[in-house]
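Peer 1: Predicted model follows, preceded by the sequence.
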Amino acid sequence: MPVLTAPLSPTHSLPGAQFTSLATPQRGSTDTSVWLVEIAPGTPATPHQVTREEVFVVLSGRARVRLSGAESEARAGDAIVVPRDTPFELSPLGDAPLRAICCLPVGGRARLGDGSMFVPPWAE
(Lines give C-alpha, C1' and ligand atoms only; values in the text may rest on other atoms or scores of the structure.)
Protein backbone atom coordinates (compact mmCIF):
# COMPACT_ATOMS: atom_id res chain seq x y z
CA MET A 1 0.00 0.00 0.00
CA PRO A 2 2.33 2.82 -1.17
CA VAL A 3 -0.19 5.69 -0.86
CA LEU A 4 -2.18 6.23 2.31
CA THR A 5 -4.92 8.75 1.60
CA ALA A 6 -5.05 11.52 4.20
CA PRO A 7 -8.07 11.44 6.54
CA LEU A 8 -10.65 14.15 5.86
CA SER A 9 -10.52 15.38 9.45
CA PRO A 10 -8.32 15.06 12.55
CA THR A 11 -8.29 11.58 14.04
CA HIS A 12 -7.59 12.57 17.67
CA SER A 13 -8.18 15.67 19.81
CA LEU A 14 -6.95 17.01 23.12
CA PRO A 15 -7.80 20.42 24.57
CA GLY A 16 -6.15 22.92 22.23
CA ALA A 17 -4.59 20.30 19.93
CA GLN A 18 -5.69 18.15 17.02
CA PHE A 19 -3.79 15.20 15.58
CA THR A 20 -4.25 13.57 12.19
CA SER A 21 -2.67 10.14 11.83
CA LEU A 22 -1.08 9.91 8.37
CA ALA A 23 1.12 6.79 8.40
CA THR A 24 0.78 4.48 11.40
CA PRO A 25 0.61 0.72 11.93
CA GLN A 26 -3.20 0.90 11.91
CA ARG A 27 -3.01 2.72 8.56
CA GLY A 28 -0.34 0.48 6.98
CA SER A 29 3.16 1.65 7.98
CA THR A 30 5.48 -0.72 9.81
CA ASP A 31 8.54 1.23 11.00
CA THR A 32 7.60 4.90 11.27
CA SER A 33 4.52 6.73 12.52
CA VAL A 34 3.78 10.11 10.96
CA TRP A 35 1.06 12.55 11.94
CA LEU A 36 0.03 16.17 11.54
CA VAL A 37 -0.46 18.18 14.72
CA GLU A 38 -2.15 21.55 15.02
CA ILE A 39 -1.88 23.37 18.35
CA ALA A 40 -4.09 26.39 19.01
CA PRO A 41 -2.53 29.69 20.13
CA GLY A 42 -2.26 29.95 23.90
CA THR A 43 -2.27 26.18 24.47
CA PRO A 44 0.28 25.39 27.20
CA ALA A 45 2.96 22.77 26.61
CA THR A 46 2.67 19.29 28.09
CA PRO A 47 6.10 18.40 29.51
CA HIS A 48 7.08 14.87 28.53
CA GLN A 49 9.83 12.61 27.21
CA VAL A 50 9.81 10.00 24.45
CA THR A 51 11.53 6.62 24.41
CA ARG A 52 12.68 7.00 20.78
CA GLU A 53 13.91 10.01 18.82
CA GLU A 54 11.01 12.16 17.60
CA VAL A 55 11.23 14.68 14.75
CA PHE A 56 8.88 17.61 14.09
CA VAL A 57 8.90 19.69 10.91
CA VAL A 58 7.15 23.03 11.40
CA LEU A 59 4.76 23.74 8.53
CA SER A 60 3.33 27.03 9.77
CA GLY A 61 3.29 29.18 12.87
CA ARG A 62 6.08 29.45 15.41
CA ALA A 63 7.00 27.07 18.21
CA ARG A 64 8.56 27.54 21.61
CA VAL A 65 10.77 24.50 22.11
CA ARG A 66 12.25 23.49 25.43
CA LEU A 67 14.73 20.59 25.52
CA SER A 68 16.37 19.74 28.85
CA GLY A 69 15.50 23.24 30.08
CA ALA A 70 17.09 25.08 27.11
CA GLU A 71 14.56 27.18 25.22
CA SER A 72 14.58 28.05 21.51
CA GLU A 73 12.17 29.03 18.74
CA ALA A 74 11.28 27.12 15.57
CA ARG A 75 9.61 28.55 12.46
CA ALA A 76 8.13 27.15 9.25
CA GLY A 77 10.64 24.87 7.56
CA ASP A 78 12.61 24.18 10.73
CA ALA A 79 13.08 20.64 12.04
CA ILE A 80 12.98 19.92 15.76
CA VAL A 81 14.85 16.79 16.81
CA VAL A 82 13.88 15.46 20.23
CA PRO A 83 16.42 12.93 21.55
CA ARG A 84 15.07 9.97 23.47
CA ASP A 85 14.67 10.31 27.23
CA THR A 86 15.05 14.11 27.08
CA PRO A 87 12.63 16.45 28.90
CA PHE A 88 10.68 18.22 26.16
CA GLU A 89 8.00 20.90 25.76
CA LEU A 90 6.44 22.34 22.60
CA SER A 91 3.95 25.21 22.46
CA PRO A 92 2.79 27.76 19.87
CA LEU A 93 4.16 31.31 19.89
CA GLY A 94 2.07 34.26 18.75
CA ASP A 95 -1.51 34.42 17.52
CA ALA A 96 -1.39 31.71 14.85
CA PRO A 97 -1.78 27.96 15.31
CA LEU A 98 1.34 25.82 15.20
CA ARG A 99 1.15 23.16 12.47
CA ALA A 100 3.80 20.47 12.24
CA ILE A 101 4.44 17.03 10.80
CA CYS A 102 5.74 14.62 13.44
CA CYS A 103 7.63 11.35 13.04
CA LEU A 104 8.27 8.71 15.69
CA PRO A 105 9.51 5.14 15.21
CA VAL A 106 6.77 2.57 15.71
CA GLY A 107 6.79 1.42 19.33
CA GLY A 108 7.97 4.76 20.68
CA ARG A 109 6.24 5.76 23.89
CA ALA A 110 5.74 9.00 25.79
CA ARG A 111 6.49 9.47 29.49
CA LEU A 112 4.64 12.21 31.38
CA GLY A 113 5.97 14.10 34.41
CA ASP A 114 4.24 11.70 36.81
CA GLY A 115 6.13 8.76 35.25
CA SER A 116 3.12 7.29 33.44
CA MET A 117 3.89 5.94 29.97
CA PHE A 118 1.71 5.48 26.91
CA VAL A 119 1.90 5.03 23.16
CA PRO A 120 0.43 8.19 21.63
CA PRO A 121 -2.86 7.00 20.07
CA TRP A 122 -2.22 9.08 16.94
CA ALA A 123 0.98 7.03 16.42
CA GLU A 124 -0.63 3.58 16.70
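Peer 2: Structure's in. What do you need?
Peer 1: What ranges does this protein have for its strands?
Peer 2: With strands called from DSSP state E, the chain shows them at 12-14, 17-23, 32-39, 48-50, 54-60, 62-67, 70-75, 79-82, 88-93, 98-105, 110-112, 117-118.
Peer 1: Now those strands in CSV, please, with extra columns for mean neighbour count and mean pLDDT.
Peer 2: (Glycine included, C-beta is placed from N, CA and C.) What follows is the strands of the chain, written out as CSV (neighbours: other CB atoms under 10 Å; pLDDT from 0 to 100):
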stretch, mean neighbour count, mean pLDDT
strand 12-14, 14, 95
strand 17-23, 20, 97
strand 32-39, 21, 98
strand 48-50, 20, 96
strand 54-60, 18, 98
strand 62-67, 18, 98
strand 70-75, 12, 97
strand 79-82, 15, 98
strand 88-93, 20, 97
strand 98-105, 20, 98
strand 110-112, 15, 95
strand 117-118, 11, 94
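Peer 1: Tell me, how many residues neighbour the residue nearest to residue 16 when sequence neighbours are not counted?
Peer 2: Distances taken as CB to CB, 6 or more residues apart in numbering put residue 43 closest to residue 16, at 3.1 Å, once the chain neighbours are dropped. For residue 43, the neighbour count with other CB atoms under 10 Å is 17.
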